[in-house]
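A.B. asks: Turn this into a model:
(chains A and B)
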2 protein chains.
Amino acid sequence: MAVPRAIPPINRLRVAGRLTGMMSEDDLIARFFAPLAGEGAFGLLDDAAAIAPPSGCEFVITKDMLVCGGHFFADDPPFNIAQKLMRVNLSDLAAKGATPFGFFLGLALPKGISEDWLAAFAAGLAQDAREFGFVLLGGDTVKGPLTLSLTALGTVPKGKMVRRTGMRAGDKIYVTGTIGDAALGLKLRQNADWRAALAAEAREFLLQRYLVPCPRNSLAAAVQRLASGAMDVSDGFIGDLSKMARVSGVSAQVELARVPLSPAARAVTAMDGSLFEVALTGGDDYELLVAVAREHCAPFEAAAHAAGVAVTCVGAAVAGTQPPVFVDASGMSRRFVQPSYSHF
Amino acid sequence: MAVPRAIPPINRLRVAGRLTGMMSEDDLIARFFAPLAGEGAFGLLDDAAAIAPPSGCEFVITKDMLVCGGHFFADDPPFNIAQKLMRVNLSDLAAKGATPFGFFLGLALPKGISEDWLAAFAAGLAQDAREFGFVLLGGDTVKGPLTLSLTALGTVPKGKMVRRTGMRAGDKIYVTGTIGDAALGLKLRQNADWRAALAAEAREFLLQRYLVPCPRNSLAAAVQRLASGAMDVSDGFIGDLSKMARVSGVSAQVELARVPLSPAARAVTAMDGSLFEVALTGGDDYELLVAVAREHCAPFEAAAHAAGVAVTCVGAAVAGTQPPVFVDASGMSRRFVQPSYSHF
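C.D. replies: The predicted structure is shown next:
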């Protein structure tokens, strides 16, 4: 998952309303989180949940952490912070072809955090829990610099998790939605000098794409049935596609002109061509990269259309172990010094 | 879980050896964590694991976070920090009667963290993974203030997770091991004025009990077969026992003179009687509280003896909804202003 660059950690949160200094951990759980608890969570009265996958299925489990000052800003609306936490994990489930089952929540909360903040955060969780059919199964709350951890469980028929390593030579490579919006939105948050030149509507669109990802869970069933391999784009399109090819033991040929950009991202890259590289490598997209064998492409495209998810074929996997070749509009092969965000 | 009091957050870590500034997240995972990966984790090459419980079983899942400056000190040996992270979660599994299955690891790591630190941390994980039959299934590493999150999976026969809410009037209440050592060890770390008066051996024992918990997983099978209810003591004996009684809808009668203390804790409380309250309420014990119906007490005690785990009956559950009564050696009922550590 991408950590935005060059943002100093911010540990101060807006404090409003009565402080949680008055609340016990039990009160906090009972008030804000127990209403979200699902079957097997015992109303969060225990330290653990007891769950089993449905008959014939297994669990797909993934875990992503978000750090204040890294993955989000201290003054982001807590409702949206909760949504981002849910959605970066839901996106991983979608890429694996899994149906959301439930989640475990870990919260390190600074001492001065307010009940208003917590109430809005819990409302964001509740909204996405409803929208994506996800329930809270347990977790832990501790005092510390604001850090959010979520362990997400999904289900797939046994043995049917779609692997990152499954791309095969000859597969077409699809990407969902549009690439680069969130990375450009982050640049806007960092007061990019082209900010003022951008139309207000485009600005809002990019900022929103950084704030609240749109995971492609409605495509998960098609991915599960039809994909050879898949992963979500979180660290950057170029780096993530290169990683998928490498672990699959194949190379790829990608046409950069086919990488889908939103009108807002097109407006930005038209102003400054160098920002195309930011879009391709900045990450935080939470779109899916899906490798599909030729014979499955037509049904995959039909399923995506039915699910209302735009998919674009950007190239194909080819035999070989060399890194993927990214060809630009002029037919030249393009190299990227930093193909994705580096965490360390 | 207990957060030690009055320790300011410490974000600085000892830095030695080559810095991880040179490493990618993939390198870090491949070098330090992939060797610990179990079946279903796909060598940590994917964003998710695919797992199912053994036939006839379900998963028991719990999640605990540890914060630097809270649950451990920045200058604690990273080997021991990893052990504490594993063991606080293993303790929850033991209390639920579950057999360790595997874990997901979330690490927020400060930028300057060294490869030496990570190598020692990974070695601590590996040691406890071997000792407790636990495998790494996945996780996430991000940049941020040192925060550790672990989601632990265990297995029990379907429907057989031992609940915190299961204590019934008439049950005997047992506690494993000894209570208060870690809380007194933390006081030593905070330079308690009685530090110098304590024999070196006792001092080392208490410090070690704070640093590395000893979870009672060898008792889990007996807990699963014979307990009405159970939880682990993490926030403080008095508060946790009170919580277990409350959520079980019963009261309890406890004789404080029967609460098992180590020789070192006895030496400390003999010097200053007020420290008995610290021992009873300070937390970080990771011992088990187990409610056992009268007819199961003899086999439970025999199983504990066979497992090499000391168990002590400290009282019994009684009908009623009033808080448990804690009777001291003089026969007086004792009240505790702060029965356990408060996180917020």
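A.B. asks: drop to CA atoms for contacts and neighbour counts, all remaining ones
C.D. replies: Will do.
A.B. asks: any idea how far the nearest residue to A:Phe101 once chain neighbours are set aside is from A:Ala220?
C.D. replies: Computed as Cα to Cα, 6 or more residues apart in numbering or on different chains, the closest residue to A:Phe101 that is not its neighbour in sequence is A:Gly154, at 4.6 Å. Distance from A:Gly154 to A:Ala220, counting by Cα to Cα, to the nearest Å: 11 Å.
A.B. asks: could you measure the residue nearest to A:Phe101 against A:Asn89, distance?
C.D. replies: 10 Å.
A.B. asks: if we can go back for a sec, can you work out which residues contact both of A:Gly154 and A:Ala220?
C.D. replies: Contact with both A:Gly154 and A:Ala220 is made by residues A:Leu93, A:Ala98, A:Thr99, according to Cα atoms under 8 Å, 6 or more residues apart in numbering or on different chains.
A.B. asks: nearest to A:Ala192, of the residues you listed?
C.D. replies: The nearest member of the shared contacts of A:Gly154 and A:Ala220 to A:Ala192, counting by Cα to Cα, is A:Leu93 at 33.0 Å.
A.B. asks: That closest one contacts A:Asn217, doesn't it?
C.D. replies: Yes: contact criterion Cα atoms under 8 Å: A:Leu93 and A:Asn217 qualify, at 7.5 Å.
A.B. asks: and for these two, which residues touch both?
C.D. replies: Residues touching both A:Leu93 and A:Asn217 (Cα under 8 Å, 6+ apart) are A:Thr99.
A.B. asks: List phi and psi for A:Arg334.
C.D. replies: A:Arg334 adopts backbone torsions of phi -110, psi 140, taken as degrees, to the nearest 10.
A.B. asks: Name the SS class of the residue nearest to it when sequence neighbours are not counted, please.
C.D. replies: Of all residues not flanking A:Arg334 in the chain, A:Phe326 sits nearest, at 5.5 Å (Cα to Cα, 6+ apart). Here A:Phe326 is recorded as strand under DSSP: H, G, I helix; E, B strand; the rest coil.
A.B. asks: Show me where chain A has its strands.
C.D. replies: Secondary structure of chain A (DSSP state E): strands at A:49-51, A:57-67, A:99-109, A:135-143, A:147-157, A:172-176, A:227-233, A:251-255, A:287-292, A:311-318, A:325-327, A:333-334.
A.B. asks: Just send those strands back as CSV, with mean neighbour count too.
C.D. replies: Output for the strands of chain A, formatted as CSV (neighbours: other Cα atoms under 10 Å in any protein chain shown):
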stretch, mean neighbour count
strand A:49-51, 25
strand A:57-67, 26
strand A:99-109, 23
strand A:135-143, 26
strand A:147-157, 27
strand A:172-176, 26
strand A:227-233, 29
strand A:251-255, 22
strand A:287-292, 29
strand A:311-318, 21
strand A:325-327, 19
strand A:333-334, 12
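A.B. asks: Looking at these, spot the one closest to B:Phe300.
C.D. replies: strand A:49-51 (23.4 Å).
A.B. asks: Quick check: residues of the stretch 51-200 of chain A near chain B?
C.D. replies: A:51-53, A:57-67, A:70, A:92-93, A:96, A:104-108, A:111, A:138-145, A:147, A:149, A:151, A:159, A:161, A:163-165 (Cα under 8 Å from any Cα of the partner chain).
A.B. asks: I'd say the residue nearest to A:Phe101 and A:Asp92 touch.
C.D. replies: No: the criterion here is Cα under 8 Å, and A:Gly154 misses it with A:Asp92 at 9.6 Å.
A.B. asks: Just the closest residue of the stretch 151-300 of chain A to chain B, please.
C.D. replies: A:Arg164 (5.7 Å; Cα to the nearest Cα).
A.B. asks: contacting residues for that residue?
C.D. replies: Per Cα under 8 Å, 6+ apart, neighbours of A:Arg164: A:Gly229, A:Ala230, A:Met231, A:Met244, A:Val247, A:Ser248, B:Leu45, B:Asp46, B:Asp47.
A.B. asks: and which of those residues is nearest B:Arg31?
C.D. replies: Out of these, the member with the shortest distance to B:Arg31 (by Cα to Cα) is B:Leu45, at 12.3 Å.
A.B. asks: Next one: that closest one from chain A, what distance?
C.D. replies: 7 Å (Cα to the nearest Cα, to the nearest Å).
A.B. asks: wait, what's in contact with the residue nearest to A:Phe101?
C.D. replies: A:Gly154 neighbours (Cα under 8 Å, 6+ apart): A:Phe59, A:Val60, A:Ile61, A:Leu93, A:Ala98, A:Thr99, A:Pro100, A:Phe101, A:Gly102.
A.B. asks: and what of A:Phe72?
C.D. replies: A:Leu66, A:Ile81, A:Leu211.
A.B. asks: Count the neighbours of the residue nearest to A:Leu207 when sequence neighbours are not counted for me.
C.D. replies: Once flanking residues are discounted, A:Leu207 sits nearest to A:Gly185: 4.3 Å by Cα to Cα, 6+ apart. By other Cα atoms under 10 Å in any protein chain shown, the residues close to A:Gly185 number 27.
A.B. asks: Now do the same for A:Gly185: its pLDDT.
C.D. replies: Note on A:Gly185: pLDDT of 96.
A.B. asks: pretty sure it contacts A:Ala202?
C.D. replies: No: using Cα under 8 Å, A:Gly185 makes no contact with A:Ala202, being 9.7 Å away.
A.B. asks: If I follow the layout properly, A:Ala265 ends up in contact with A:Leu184?
C.D. replies: Yes: using Cα under 8 Å, A:Ala265 is in contact with A:Leu184, at 7.4 Å.
A.B. asks: Give me the common contacts of these two.
C.D. replies: Joint contacts of A:Ala265 and A:Leu184 (Cα under 8 Å, 6+ apart) are A:Leu206, A:Ala279.
A.B. asks: nearest to B:Asp240, of the contacts of A:Phe72?
C.D. replies: A:Leu66 (30.4 Å).
A.B. asks: how near is the closest one to A:Asp75?
C.D. replies: Distance from A:Leu66 to A:Asp75, by Cα to Cα: 15 Å.
A.B. asks: Next: A:Gln208.
C.D. replies: Distance from A:Gln208 to A:Asp75, by Cα to Cα: 14 Å.
A.B. asks: ok, those two, which is more surrounded?
C.D. replies: Set A:Gln208 next to A:Asp75 and count neighbours by other Cα under 10 Å: A:Gln208 wins out with 16 against 13.
A.B. asks: which residues touch the more buried one?
C.D. replies: A:Ala182, A:Gly185.
A.B. asks: just the one 5 residues further on next, same as before
C.D. replies: Listed by Cα under 8 Å, 6+ apart, the contact set of A:Pro213 reads A:Gln83, A:Lys84, A:Arg87, A:Val88, A:Asp284, A:Asp285, A:Tyr286.
A.B. asks: okay, now the nearest residue to the first one once chain neighbours are set aside: neighbour count?
C.D. replies: Of all residues not flanking A:Gln83 in the chain, A:Gly124 sits nearest, at 5.6 Å (Cα to Cα, 6+ apart). Summarising burial for A:Gly124: neighbours were counted as other Cα under 10 Å, giving 21.
A.B. asks: what does A:Ser340 give?
C.D. replies: 25.
A.B. asks: A:Gly331: neighbour count?
C.D. replies: A:Gly331 has 11 nearby residues by other Cα under 10 Å.
A.B. asks: no, scratch that, I was asking about A:Met23
C.D. replies: 15.
A.B. asks: likewise the one 4 residues further on?
C.D. replies: Residues within reach of A:Asp27, counting by other Cα under 10 Å, total 13.
A.B. asks: Over to the one 4 residues further on?
C.D. replies: By the measure other Cα under 10 Å, the count of residues near A:Arg31 is 13.
A.B. asks: I'd like the domain boundaries of chain A, if you could list them.
C.D. replies: A:20-157, A:164-334 (automatic domain parsing).
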